[in-house]
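In: All I have is the shape, not the residue letters:
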């Protein structure tokens, strides 16, 4: 990590090169680079919190506990610590993969990034700070920082890649409780700068926050609270906050406001696996916007999990009378068939999308995965569908790579299955197997005829909170039920 020497060597060999200007930029970066442990910010500097957080995520083994310690205490703690840890690791997977693709050790990447970051500040001690961190070749990151118990803590994060700073809502509500309306408005303005109105032709917006707050708005306490609740992460919208949002929905001033608040409620119920309450909300959305694809998707989720299959079919029939060739309706009909256990029909419908050139990577993946629920051999067409789906996602989608691995295993190709499964885990930043990976390992053991081992592996696949057709759990149970009695080896053949 002798960066000055590296810069001198590059400079000596750069003259006359066709990419001389590009090399010059790299030399400039290297001349500013030093060991990131030598870069210090005083505790009185709000940039210290952002810098420490970046140090954690750019370390060899990112520690979620160290990262969490840098966050404000206003945000509710996650109920499932293991799930939070898995999500933290998965959130860093893309960054790790990009660094590794450049052939840089993580320590070198950290030195170069942290030495060349340019921080800009907006705000003050009383309101808090918005800190923008810009590093050469990387998207800008924004940290929203406050002083808490004498130390600077991160209240929310956002990136230019589109991650919205939803956790700003907790600062808004805290200031509202102190009757600090100007401070609450300032934080809502910061959120509004990052979240823009969008949605295309669909009347249902997945993030309706812009409908409830405009930058510079002099909203009263009620408008501020409503906007903060709309901004709140769906997984955290519970208890009194959920009840208050329902109250706002029931007393909505316009139909468009009622529609938007129902979207917020619907997404909260989805994230919290509360499908019984999702049903009436989804039905209101469909009634208000009958041709909304997002409304259909929410209704399908609700009807599927609550087993209201006839209601789902009735809805689809009414929609398809007007637009029989709409791919999303065919997609939904395939999902309905799968929920009913008719995987032959589900595959036929997905195949029709493929034949019409309308299949997405998810459609290709579903077509391939569904063959595992049928008492037939995995054919080459299913393998090819999974490969195409993986190509479309640049071999970086865990679910699709997992499907391909499972199909290889079921075809008796464990070596290829293990190779693809390793790539799947890397794509998700996964250090330990999850239920889906255990299922794949079970398939591989089964192909070797190691039924006792396969049974133990399948037994590790836990029943999900919300069951969906063709889940790893459902398939694991089906495979164990078909096994010979414990203690024996089968005759399954596998490539060794």
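Out: It's in. What you see is a predicted model; the values in this text were computed from it and never measured. Residues are numbered from 1 along each chain as shown.

In: Pull up the pairing partners for the helix or strand harbouring residue 121, direction included.
Out: Element membership for residue 121, per DSSP states H and E: strand 118-124. With DSSP bridges as the test, strand 118-124 is paired with strand 128-134 (antiparallel).

In: circling back to that earlier point, which residues touch the strand holding residue 121?
Out: Outside of strand 118-124, the residues that reach it under the criterion Cβ atoms under 8 Å, 6 or more residues apart in numbering are 46, 47, 50, 129, 130, 131, 132, 133, 134, 135, 186. Just so you know, the C-beta spots here come from the backbone N, C-alpha and C atoms, and that holds for glycine as well.

In: Compute the number of surrounding residues for the closest residue to the fifth one other than its chain neighbours.
Out: Spatial nearest neighbour of residue 130, excluding adjacent residues (Cβ to Cβ, 6 or more residues apart in numbering): residue 122 at 4.4 Å. Applying other Cβ atoms under 10 Å, we find 14 other residues in the vicinity of residue 122.

In: correct me, but residue 457 touches residue 437?
Out: No. With contacts defined as Cβ atoms under 8 Å, residue 457 does not count as touching residue 437, sitting 9.9 Å away.

In: in stretch 9-27, what's buried?
Out: 10, 14, 23, 26, 27 (16 or more other Cβ atoms under 10 Å).

In: now it: how far from the chain's centre is it?
Out: Computed by Cα atoms, centre = their mean, to the nearest Å, the separation of stretch 9-27 from the middle of its chain amounts to 39 Å.

In: go on, stretch 21-28?
Out: Here the centre of mass of C-alpha atoms in stretch 21-28, compared against the chain's by Cα atoms, centre = their mean, lies 35 Å away.

In: remind me which residues of the stretch 201-350 of the chain are low pLDDT?
Out: Within the stretch 201-350 of the chain, no stretch falls below the threshold (pLDDT under 70).

In: which residue ranges form the helices in it?
Out: Under the criterion DSSP state H, counting those that start in this stretch, the stretch 201-350 of the chain carries helices at the ranges 221-231, 239-250, 255-271, 275-288, 293-305, 309-322, 327-339, 343-355.

In: Give me the helices and strands touching the second one, please.
Out: Put plainly, it is helix 239-250. Using 3 or more Cβ pairs under 8 Å, 6 or more residues apart in numbering; DSSP states H and E as the contact criterion, the secondary-structure elements in contact with helix 239-250 are helix 221-231, helix 255-271.

In: again with the fourth one
Out: Applying 3+ Cβ pairs under 8 Å, 6+ apart, one finds that helix 275-288 contacts helix 255-271, helix 293-305.

In: I'd like these written out as JSON lines, with mean neighbour count and distance to residue 442 added.
Out: Listed next are the helices and strands packed on helix 275-288 as JSON lines, based on neighbours: other Cβ atoms under 10 Å; distance: least, Cβ to Cβ, whole Å:
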{"stretch": "helix 255-271", "mean neighbour count": "21", "distance to residue 442": "29"}
{"stretch": "helix 293-305", "mean neighbour count": "23", "distance to residue 442": "25"}
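
In: who wins for proximity to residue 343 among those?
Out: Relative to residue 343, the nearest member of the helices and strands packed on helix 275-288 by Cβ to Cβ is helix 293-305, separated by 14.7 Å.

In: which pair in the buried residues of stretch 9-27 spans the largest distance?
Out: For the buried residues of stretch 9-27, with distances taken as Cβ to Cβ, the pair at the greatest spread is 14 and 26 (9.1 Å).

In: Residue 458 versus residue 281, what's the distance?
Out: The gap separating residue 281 from residue 458 is 37 Å, by Cβ to Cβ, to the nearest Å.

In: residues touching residue 146, list them.
Out: Counting by Cβ under 8 Å, 6+ apart, residue 146 makes contact with 72, 128, 129, 152, 153, 155, 171.

In: The same query, at a cut-off of 10 Å, please.
Out: Residue 146 makes contact with 46, 49, 72, 74, 123, 125-129, 152-156, 171, 174, 187 under the criterion Cβ atoms under 10 Å, 6 or more residues apart in numbering.

In: Return the subset of those residues lying in helices.
Out: Residues from the contacts of residue 146 lying in helices, with DSSP state H as the criterion: 49, 171, 174, 187.

In: Kindly reformat those residues as TSV and extend each row with pLDDT.
Out: Below are the ones in helices among the contacts of residue 146 laid out as TSV (pLDDT from 0 to 100):
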residue	pLDDT
49	95
171	97
174	97
187	98
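
In: Would you mind putting the residues you listed into JSON lines with neighbour count and distance to residue 31 alongside?
Out: Listed next are the ones in helices among the contacts of residue 146 as JSON lines, based on neighbours: other Cβ atoms under 10 Å; distance: Cβ to Cβ, whole Å:
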{"residue": "49", "neighbour count": "27", "distance to residue 31": "28"}
{"residue": "171", "neighbour count": "27", "distance to residue 31": "39"}
{"residue": "174", "neighbour count": "18", "distance to residue 31": "44"}
{"residue": "187", "neighbour count": "31", "distance to residue 31": "39"}
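
In: which two from the residues you listed end up farthest apart in space?
Out: Longest span within the ones in helices among the contacts of residue 146, Cβ to Cβ: 49 and 174, 17.4 Å.

In: how far does stretch 311-321 sit from the chain's center?
Out: Centre to centre, stretch against its chain (Cα atoms, centre = their mean), the figure for stretch 311-321 is 30 Å.

In: What residues of it count as buried?
Out: By neighbour count on 16+ other Cβ under 10 Å, the buried set for stretch 311-321 is 312, 313, 315, 316, 319.

In: out of these, who's nearest residue 261?
Out: Distances from the buried residues of stretch 311-321 to residue 261 were compared by Cβ to Cβ; the smallest belongs to residue 315, at 21.9 Å.

In: I'd like the distance between that closest one and residue 431.
Out: Residue 315 sits 42 Å away from residue 431, taking Cβ to Cβ as the criterion.

In: Same question for residue 346.
Out: In this structure, residue 346 and residue 431 are 34 Å apart, going by Cβ to Cβ.

In: So for these two, which residue has more residues nearby?
Out: Residue environment comparison for residue 346 versus residue 431 gives the larger neighbour count to residue 346, 26 against 10, counting by other Cβ under 10 Å.

In: Quick check: the gap between the residue lying closest to residue 340 once chain neighbours are set aside and residue 303.
Out: Setting aside the residues directly before and after it, residue 340 is nearest to residue 309 in space (Cβ to Cβ, 6+ apart), at 5.8 Å. Separation of residue 309 from residue 303 (Cβ to Cβ) stands at 7 Å.

In: got it, and residue 123?
Out: Taken as Cβ to Cβ, the spacing of residue 123 relative to residue 303 amounts to 46 Å.

In: again with residue 220
Out: 39 Å.

In: again with residue 259
Out: From residue 259 over to residue 303 the distance is 20 Å, taken as Cβ to Cβ.

In: Check residue 372 too.
Out: Taking Cβ to Cβ as the criterion, residue 372 is separated from residue 303 by 24 Å.

In: Next: residue 387.
Out: The span separating residue 387 from residue 303 equals 32 Å under the rule Cβ to Cβ.

In: same deal with residue 405?
Out: Noted for residue 405: a distance of 31 Å to residue 303, by Cβ to Cβ.

In: picking that back up, and the helices and strands packed on helix 239-250 as a markdown table, adding distance to residue 297?
Out: Putting these into a markdown table (distance: least, Cβ to Cβ, whole Å) gives the following:
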| stretch | distance to residue 297 |
| --- | --- |
| helix 221-231 | 20 |
| helix 255-271 | 10 |
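
In: right, so of the ones you listed, which gets closest to residue 214?
Out: Evaluated over the helices and strands packed on helix 239-250, closeness to residue 214 peaks at helix 221-231, with 9.6 Å, by Cβ to Cβ.
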